[in-house]
Structure formats: structure tokens, C-alpha cells
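Asks: just to be clear, the model below is a prediction. Sequence and coordinates:
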Amino acid sequence: MELVLLTLTGGSLGRHYIAMFESTHNVALKPTESWREALLDTRVMDLFFTGASANPCLSKCVPEQTRGNATGSRARALEPFPSCRWGAGHGKVHRKIREDSDMAQDSLQCLAQLASMHGPVFPDESARVSYLAHLVEGLLSMINGIEMEDSEAVGISNIISNLITNFPRSILTALPSELFSSFINCLTMLTCSFGRSAALEEVLDKDDMVYMEAYDKLLESWLTLLQDDEHFPRGCFVQPAVQVFNSYIQCHLAAPDGTRNLTANGVASHEEEEINELQEDDRELFSDQLASIGMLGRIAADHSIPLLTSLLEDRVTRLHGQLQRHQQQLLASPGPESMDRKVLDDLYEDIHWLILVTGYLLADDPQSETPLIPSEVMEYSINHSTEVDINTTLQVLGSPGEKASSIPGCNRTDSVIRLLSAVLRTSEVESRATRASLTELLSPQMGKDIVWFLKRWAKTYLLVDEKLYSQISIPLSMAFGPDTEGAQWIVGYLLEKVINNLSVWSSEPELANDTVELLVTLVERRERANIVIQCENWWNLAKQFASRSPPLNLLSSSVQRTLMKALVLGGFAHMDSDTKQQYWTEVLQPLQQRFLNVINQENFQQICQEEEVKREIIATLEALCGIAEATQIDNVAVLFNFLMDFLSNCIGLMEVYRNAPETVNLIIEVFVEVAHKQICYLGESKSMKLYEACLTLLQVYSKNNLGRKRVDVTAEEDQYQDLLLIMELLTNLLSKEFIDFSDTDEVFRGQEQGQAAGRSVSAADVVLYGVNIVLPLMSQDLLKFPSLCNQYYKLITFICEIFPEKIPQLPEELFKSLMFSLELGMTSMSSEVSQLCLEALTPLAEQCAKTQEKDTPLFIATRHFLKLVFDMLVLQKHNTEMTVVAGEALYTLVCLHQVEYSELVESLLSSQRDAVIYQRLADAFNKLTASSTPPSMDRKQKVAFLKSLEEFVANVGGLLCVK
């Protein structure tokens, strides 16, 4: 395939790009202007497609109703493209090499690169439109002219993805309307086809999920298109969205309505349960897919929302009937007779997927503090509001125990609220089954789906703020707005659901965790918390947790941590001072009192290893983490003071439990969370208190681990955990230099006294002390743990960026270790780590330039790094995204070592035997450093160098790459 491109472009395009594209399948092609004549020649694409003007109006991709318009043009499809000087028979490379899967992959990779082409190679917008039109014509011709092989699916999806991602909307919309429609129809057909094939791969449990990968790529392409849908003709995506949405739903429902778990010949697979046990949660595994399907559903809201409502109501009604039948069977014969769960399991799986799709359709992933109702959903509700009866809508919402269809006038319910009601109905059927002692017949997965959905929904819809929207749906506002009965009712209902779940499902950690996350959502915003604390159930929950009563004391540690976070957040709701004091007395005081009672016992050293004592200590440490996680700017003063009282005692526990790694890790984690959540709000004296506590913690840890040999097989894993936490702690302390919201007067209201004139500990002291601990312990074996490796390099990069002046002051062995780590990271680790190391080099070189000392170990080390970075950019394969960060490092190093840089260039040139390559390299290097003044730390010069470097890499970057 390299030969093909070389032939077309005069001998150098293939070598030039091969090094950059071998490492990744989707690097965008950005050739310089000098490639224009070669790459805009239509023969390049014709070579891979058919060499003919491939008219897009072909039977597979054009709906029946539009084919009649293409009668004349279809006849012309066999004519050569006007600018093509070859006959059609010469341009069928991809078809001819399809039998060889490796060559076929190369062919599709070349097309994917051509589909990503952008930059100065195009003289104007018109040239881009012409290029894209020819590309799309050829692509449609190829897709319709072949029976697609499995191995081609990913390549074709990459071509489409690159095309949609890299060409601006203005170029796509400038395509002839018939061509654009044909492309969208083809994309729709491929998406549905790949989706069905991906579902089949899952049933067959294939190792190589090529269709799943291709399907994901096409769904991402849809998401890209739909996020900019205002640029396209209104409604042009509605029918494609309906088709893709329907196809997805069909693949995820059981027969007869769907095809889930059916093999190609329509036979049901019986291995689903075994397969699913090996996978992570579907909502994580398929989150990208679901986001795209949710967006497609919104585009076709008139179709998808009623469809989901109908399907979910039907499944829940059938579930209710099945549970009643099983209950009657149990009453009739209460023995341990086994029951056929096939029907139940199919219903649970259907409900699982329907709830996931509904959650992604009605709400976005709640990353921001106040996620908004999607505009398409809001518009849909507004458009149908004249058909809605508010009272009936509220009755359906408030009657989860009844079928919506049994309520008079239910057809006049707001459709968005009715869809929510279908989920609430599912929740109610589950809750009633637990009360009827049918828990063993229920699906914990369905329980997780319900509370996940309710959390996602509540963040977006509950107490909807009209001020955030240009227009608001009256039904949504009246049902969920502030000061509405609907909002108060649903808060009470959700709180009851939480309490019921924690009682029934305490032995299901994931379900319990999702449940307490819903509780956090109810109290993390003050407006919602104000309603929650008015519920008697909330106060009962707080008292029960504080007294460590069952079943709450049976919850896993992480769930108890999150529950404490929720209880603390609730305590900052609006209450009068007496009520607030009473609340803290009931929630926090018992924690403090029990902890002090345990550690202050005279015989604590003797009883500290008893299980009951260890449980109490661990429960307290988890609660402290939860309290720290609840930190917000308006409660940090109270929580910091409360937590600081514990931290010194926690350090004492480090000594007591030095041989219990899990407990030690949890103690360090308390410090990690306090630093992570609170450091950005602390003024100088409060920060110093935290630095001092952290330094003492590190000193105790160092003393306890000095010369310690780990003898059991899990020792390295233990070392990995505590080292990871210590590095997180140091990184969190460093973050103060980047993110600082502290306003001493506002946050602590006068608690800060003076400017800490006698300050004794700084962040630099703590961090460099920590580095003294970490660096000697870091072995290459430990760096095989990805999370540890990334955290380590993130830490040393931060240190180099924030305290470059401290690096030359490190002890000799520590300095050597740090330099070796940087070299190892640049040359032997992932591209992410390599980028971090390059980012660390720049401030170190700038520090050398500032001091002008030329005989220091750091100056000598930077000379060595000059050759490493030079080789990386010129001689080695590298991700093109690294060019900028490597270029910044190279420029700074060249400023320091101009003579050595010139020697590297001369050495490289003198090794060339090919006169053409020699001259190209010499010209490129001359252009790279063409400035009349020697390179210096001047910003303008640096920017000019980086711009020249981009052109340098484009022209010669692949010529010398070592493969």
C-alpha cells in the first residue's frame, strides 16, 4: 500500500506518513500546501474506490421513494469521473485486494487518512466541497458494490467517522442535497446493520468484536452530527433517528418483540447469564452507545418517548402478574420447589435496557452541578402541553401503585411525566414485592437500574429552575418546580425508596451504593435538602446510622462512607440554630464520642487488634472520609475544624496498626480526602496546620517502613496501595498552587489569625519530604501498575513545574533517581506518561537558563535529554499529538545547548548516503532555525519555532523513523 501512494505522489508520501500513522488508526492528515497537486488529484481516491464517478443513488442506500429521481444519473454512474485520466478498470484496488485481509486493512487505512485530510492543502472552501463530494460518491459506490467482510467493518466506520469529524458542518451542508441524503441513508443502513451484527457477536461471545467496535464508531459519528444539528435542514435526521433507535431497542428486547439473545438462525442462546457475569455493568460498558441512542431518541422524541412508555408499562404489568403468580405458587406449596425463572429473567433484562435508554434520553450525564433538561425533551413537552390535563398528569405521577392506563383520562397525561411514572411504577412493584417477602424473586440489577435512573432524573428535573430556561413546560414546572406539592411528594417517595433499599438490599453492595448516591443527590443542593430534612424518615435514618444499628451497620464500608457524606450535607440545609445543634449532636457527636472512648482506654494497646475494636476504628475512618467528601465552600470552616481534631489521633493509629496495611491505607486515605476536598478553600494558617499534620503522617509512615522487607506474596500489592495514596496526597497538596478559592475572611469568618509569621512548614517541605520516601521505593516492577505509574509521573511533573528551583537541591542519589525516572518515562512508558515527562523537562531547562550555572548536575542532565528529545522528534515513531509538547521541550533545551544541537544536526546529516534525503533534511533544519538571532527564552521566538517545527515534521518527520 505504501507503494501505491508513492507512485501517485512522486515517491515520498508513503514514507513520509507511514511512521506517523502506524501507531494509531485515526490521526488526522494535515499535509502542507506543497502536497496540493498530488493529493487533490481525484485519481488518489479513484484508485481505492472504482476509478469511476460513483453516483451515490444506489439501491441499498436510497429509499424507494427517491430512486425515481435518479434515473438519468444512474446511467451516468459508469462513466469515468471527468477529471480522471484512467479507465474504470484500473481503479479497483480495494476490490482486488479484499481477499488479503492485511492489504485490505492498509487500503481502508489510507482511505480513512484521506477522509481526515484538512489544512492548507485545500486552497479554499470550494476545493474542500469538491473533494468531499468525490470522496462520498466513491465511498457509497464501494459500500454498495461489495458484500462486506467482517474485517472491513471497522475500516469503513473509521472512514465515515473521520469524514464527519474533520469536515466542518458548512462543508457537509454544501454537498448536493441528493448526495447528502444518500450519505445519511447509507449511514443509517450501516448503523442498523452493524448494530444487529454486534448483538450477534455478543450472543456468540466472540473474542474479536469487530462489529461492536464499528457500531460504536458510527454511533459516535451520529452524536457528532446531532450535536450540530442546527446547521442542517430542520428534521432531516428524524427518520434516520427513528430507524437507528428502533433497531437498538429491537436488539435489546427478548423475542417475540425483539431479537436479543437470538443466534443467526433465530435460536435462543442459553449462555447469557454466564457471559454477563464476566462483564462490567452495562451502563458503564455501553455508556457511549447509550449517549448516542439517547440523543437519537430526543431527535425523534415524538416517536421514542411514547414507544419507551408503552414498552416499559407493558413489561412492568407483565412483571407484576408474574410475581403474583409466583406468590400464589409459594402459598400453595411453600416447599423449596424450584420455579422456572426464564420468563422473569427475560422481563428483567427487557426492563434493564428500557430504563437505561430512558435515563440517557431524558437526561444528560450529570457532570455539571445543575444539569439542564435537554432542549428537545423540553420542546416536546411544550409542543404537546395543550393536549395535557395537569390534574390527571399529577394523579398518574402520584399513583405508582396503579397502572397508568387504569386512571381515567390517562391519555391526557404529559408524555415525559408518564415515562417517569412508568419507572416509578417499576420501583413500586419492586418495593411491594419486598414487603410480600418475594425479594429472592427480584433482580438486584433492576434495583440498581431504578435508583440509577432516579438519581440521574432528580439531578435534572427535581426543583426545576425556570430562570435557567428560555421557555419552560408548564406540566414539568407544576409537577417538579419549587414549592409544588409534586416536588414534595416525590422527595418523600425517593427518601422512602432509599430507606427501604438500605434495609432490604444491605447485602448487595453495588445496589446499596447506588442507593446512597441517590440520597446524596437529594441533599447536595440546598433547595432539595430543605425539603428532605422536613421528612421524619430523614431524622430516623440519621439516628439509626449514628447509633450503628442494624441493618445500616451491615452495609459495606464504602456505602457507610457515602451515607455519612449525605447526612453531613443534609445538616447544612436551612434550620434554626437549635434544630441544627440538635442535628449535629445526633449525627457527629456520637462518632467523636465513640472514637475517643475506644482509643482512650488504658488497655487500648492490648485490645486494638480485637475484631470489634478494629471494626469501630475502620467505621470511624470511613465516616471521616465521608465527612471530608461532603465539603463545600459554605461548610468548609465547620468541617475542617471538626476533622483536624481527628487527624492527630489518626497519626497515632499509624503506630498502633503499622502491621495492618488495610487500616494504614485507610488512615492515609483520610488525609488524602481532606487535602483533596479542603485545601483549595484554606487560607495560609489553616493550610499550614494541614501541611504540618501531613508531614507528621509521612514521618511516621517512613519510620515504620524503613528497611522493611515484605515477605508474603501480596506485599508488593500492599506497597502499591499505600504508595499510590501517598502520591495522591502529595499531588493534592500541590494542587493548591493551581486551584485556590480561599478567601480567609469569607470562609473562616475571622478564624485565621495573622499571617502565620512563624510558619514552619510549607507545601514544598511536605512534598519534597514525601518524594524522599517515594522515589527510593519506586521499582520498575511497581511501575507496571498503570494507576501507580500515572500517579507517580503526574506527581514528579507537578513538582518540576511548581518547584523547579528545588530539584537541583535534592540529594545526589535522589536527583539521579528522578532523572532516570524521567528518561524511563520518555522512552519506555505510554504516550501519556511520555508527555508528562516532556512537560517536566521544560521548567527544568528554564531553571538552568535562569541560574546560568553550567557545571551543575541538572545542566549536564538537560544536555542528555536534548539528544533524547531530538531523536524522538526526528528518528522515532511518535504520536503527532506529542509534537507540540516535545517541541516546547526541544526549544528550551536548544536554547541551553546550542552547540550540542548543531553537532546533533551535523552528525545526522553526515550519516545520510542518499543525496536527495540529505538535501531535504538540510533544507528542513535550516528552515527550522532560520531566525537571524540565536534562540532564547523569548516567547515570540518560541512560538515561531513551534510553527516551523510542525512544518518540519510534516516534511521530513517520517523519512528517518526507526521501525
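Replies: Looks like it arrived, so ask away. If you're wondering where the values come from, they're calculated on a predicted model, not measured in any experiment.

Asks: find the residue closest to residue 887 in space, skipping its chain neighbours.
Replies: Setting aside the residues directly before and after it, residue 887 is nearest to residue 949 in space (C-beta to C-beta, 6 or more residues apart in numbering), at 4.4 Å. Backbone N, C-alpha and C define where each C-beta goes, glycine included.

Asks: thought the one you found was touching residue 885?
Replies: No: when contacts are counted by C-beta atoms under 8 Å, residue 949 is not listed as touching residue 885 (11.3 Å).

Asks: can you give me the helices in the stretch 351-500 of the chain?
Replies: Listed from the start of the chain, the stretch 351-500 of the chain has helices (DSSP state H, counting those that start in this stretch) covering 375-383, 390-397, 415-435, 444-461, 474-480, 485-504.

Asks: kindly report the same for the stretch 651-800 of the chain.
Replies: Going by DSSP H, counting those that start in this stretch, the stretch 651-800 of the chain shows helices at 661-678, 684-705, 715-734, 744-748, 763-777, 786-802.

Asks: highest average neighbour count across those helices?
Replies: Scoring the helices of the stretch 651-800 of the chain by mean neighbour count under mean count of other C-beta atoms under 10 Å gives helix 661-678 as the most buried, with a mean of 22.

Asks: residue 177 is nearest to which of the helices of the stretch 651-800 of the chain?
Replies: Between residue 177 and the helices of the stretch 651-800 of the chain, the tightest spacing by C-beta to C-beta is seen for helix 786-802, at 48.2 Å.

Asks: what about residue 655, how many residues nearby?
Replies: Per other C-beta atoms under 10 Å, the neighbour tally for residue 655 reads 11.

Asks: need the pLDDT of it.
Replies: Looking at residue 655, its pLDDT reads 92.

Asks: is it true that it touches residue 697?
Replies: No: using C-beta under 8 Å, residue 655 is not in contact with residue 697, being 11.2 Å away.

Asks: what about the residue lying closest to residue 236 once chain neighbours are set aside, distance to residue 240?
Replies: If the residues on either side of it in the chain are set aside, residue 236 comes closest to residue 184, at 7.1 Å by C-beta to C-beta, 6+ apart. Relative to residue 240, residue 184 is positioned 6 Å away (criterion: C-beta to C-beta, to the nearest Å).

Asks: how about residue 929?
Replies: If you go by C-beta to C-beta, the gap between residue 929 and residue 240 works out to 52 Å.

Asks: what's the answer for residue 40, then?
Replies: Plainly put, residue 40 is 31 Å away from residue 240 if you go by C-beta to C-beta.

Asks: returning to what we had before: mind telling me which of the helices of the stretch 651-800 of the chain the model trusts least?
Replies: Across those, the lowest-scoring stretch is helix 744-748, with a mean of 46.

Asks: what's the nearest residue to residue 773 if we skip its chain neighbours?
Replies: Counting by C-beta to C-beta, 6+ apart, the residue nearest residue 773 is residue 702, at 5.1 Å.

Asks: for that neighbour, give its distance to residue 776.
Replies: As defined by C-beta to C-beta, residue 702 lies at a distance of 10 Å from residue 776.

Asks: quick one, longest helix in this protein?
Replies: With DSSP state H setting the assignment, residue counts place helix 301-332 as the longest helix in the chain.

Asks: pretty sure residue 326 is touching residue 439, no?
Replies: No: with contact taken as C-beta under 8 Å, residue 326 and residue 439 are classed as non-touching, separated by 12.0 Å.

Asks: who has more neighbours, those two?
Replies: Summary of the neighbour comparison: residue 326 and residue 439, criterion other C-beta under 10 Å, with residue 326 having more neighbours (19 against 14).

Asks: tell me the pLDDT at the more buried one?
Replies: pLDDT, residue 326: 88.

Asks: and the gap between it and residue 434?
Replies: Per C-beta to C-beta, residue 326 is found 14 Å from residue 434.

Asks: ok so, going back, can you pull the buried residues of the longest helix of the chain?
Replies: Buried residues in helix 301-332, defined by neighbour count with 16 or more other C-beta atoms under 10 Å: 301, 303-305, 307-309, 311-313, 315-316, 318-320, 322-323, 326, 330.

Asks: how many residues are close by the nearest residue to residue 649 once chain neighbours are set aside?
Replies: In space, not counting the residues next to it along the chain, residue 649 is nearest to residue 599; the distance is 6.2 Å by C-beta to C-beta, 6+ apart. The criterion is other C-beta under 10 Å. On that basis, residue 599 has 18 neighbouring residues.

Asks: can you pull the phi/psi pair for the nearest residue to residue 934 once chain neighbours are set aside?
Replies: Counting by C-beta to C-beta, 6+ apart, residue 934 lies nearest to residue 898, which is 6.2 Å off, once chain neighbours are set aside. For residue 898, the backbone dihedrals (degrees, to the nearest 10) come out as phi -70, psi -40.

Asks: residue 184 and residue 240: which is more packed in?
Replies: When neighbours are counted by other C-beta under 10 Å, residue 184 and residue 240 differ, and residue 240 comes out ahead with 22 against 19.

Asks: what's the spacing between the closest residue to the more buried one other than its chain neighbours and residue 292?
Replies: In space, not counting the residues next to it along the chain, residue 240 is nearest to residue 188; the distance is 4.1 Å by C-beta to C-beta, 6+ apart. Spatial separation of residue 188 from residue 292 under the definition C-beta to C-beta is 13 Å.

Asks: between the two, which is the more surrounded one?
Replies: Regarding residue 188 and residue 292, a neighbour count based on other C-beta under 10 Å identifies residue 292 as having more, with 25 against 22.

Asks: got the contact list for that one?
Replies: Applying C-beta atoms under 8 Å, 6 or more residues apart in numbering, one finds that residue 292 lies in contact with 219, 220, 222, 223.

Asks: packing partners of the helix or strand harbouring the second one?
Replies: Meaning residue 220. Residue 220 belongs to helix 210-227 when assigned by DSSP states H and E. With contacts defined as 3 or more C-beta pairs under 8 Å, 6 or more residues apart in numbering; DSSP states H and E, helix 210-227 has these neighbours: helix 153-166, helix 177-204, helix 287-299.

Asks: following element in sequence after that helix, please.
Replies: For helix 210-227, the succeeding helix or strand toward the C-terminus, using DSSP H and E, is helix 238-251.
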